[in-house]
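> how does the following fold in three dimensions:
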Amino acid sequence: MNALLAFAAALLALRLAAELARRWRRRRAPELAAWAASLLAFAVASGALAWGAPAGWSDAAFRVYYLCGALLTAAFVAALRRGDAKLTAHVWPGEFDNSYPHWPQYLRFYASALADCPAT
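Numbers count the residues shown, from 1 in each chain. As a prediction, this is how the structure comes out:
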């Protein structure tokens, strides 16, 4: 039953991510891109849950689930919170703390942490 719910969540999240990506292509609003990326990461994590739950957690299934569900989804949601603060505070982008250039460093840190994480 858990695998079926995870699969349904993955399909719904993929559909919503595609809709948000379509809107982003039309309007080029950065918050739409962050929402689409967050939902895509959630869909991949749900797919890994649907893969790992019925068959037993393999090393690859756990790493995909942890990377997409715990790390990437949270990172994109954090970017959304920054974007929402920009929109509601009416602050120009140059005046706001911008962490986007540091994303490669965050991803390297997460990748190294994930490589050291045992799948038990």
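
> please count neighbours and contacts with C-alpha atoms only from this point.
Will do.

> report all helices and strands that the strand or helix carrying L5 contacts.
Take DSSP states H and E as the rule and L5 turns out to sit in helix 2-27. On a contact count with 3 or more CA pairs under 8 Å, 6 or more residues apart in numbering; DSSP states H and E, helix 2-27 meets helix 30-55.

> just want the angle from the helix it packs on to helix 2-27.
With axes from the mean of the first three to the mean of the last three CA atoms, to 10 degrees applied, the angle from helix 30-55 to helix 2-27 works out at 160 degrees.

> quick check: buried residues in helix 30-55?
By neighbour count on 16 or more other CA atoms under 10 Å, the buried set for helix 30-55 is 31-53.

> please spell out which residues along the next helix or strand after that helix are buried.
Sequence order places helix 59-65 as the next helix or strand after helix 30-55, per DSSP H and E. The neighbour-count check on helix 59-65 (16+ other CA under 10 Å) flags A61, F62, R63, V64, Y65 as buried.

> swap in stretch 14-30?
L14, R15, L16, A17, A18, L20, A21, W24.

> contacting residues around it?
Where contact means CA atoms under 8 Å, 6 or more residues apart in numbering, the residues beyond stretch 14-30 that reach it are L32, A33, W35, A36, A37, L39, L40, A43, G83.

> any idea how far the third one lies from G47?
Applying CA to CA, to the nearest Å, the value for W35 to G47 is 18 Å.

> likewise the first one?
When CA to CA is applied, the distance between L32 and G47 equals 22 Å.

> averaged pLDDT, stretch 73-84. What do you get?
Over the span of stretch 73-84, the pLDDT mean works out to 68.

> same question but for stretch 11-20, I mixed them up
According to the model, stretch 11-20 has a mean pLDDT of 94.

> surely Y66 touches A45?
Yes - using CA atoms under 8 Å, Y66 is in contact with A45, at 7.4 Å.

> okay, and A75 sits in which element?
helix 73-89.

> can I assume F62 is in contact with G47?
No - between F62 and G47 there is no contact under CA under 8 Å: 11.1 Å.

> name the spans of the protein whose pLDDT lies under the cut-off.
79-120 (pLDDT under 70).
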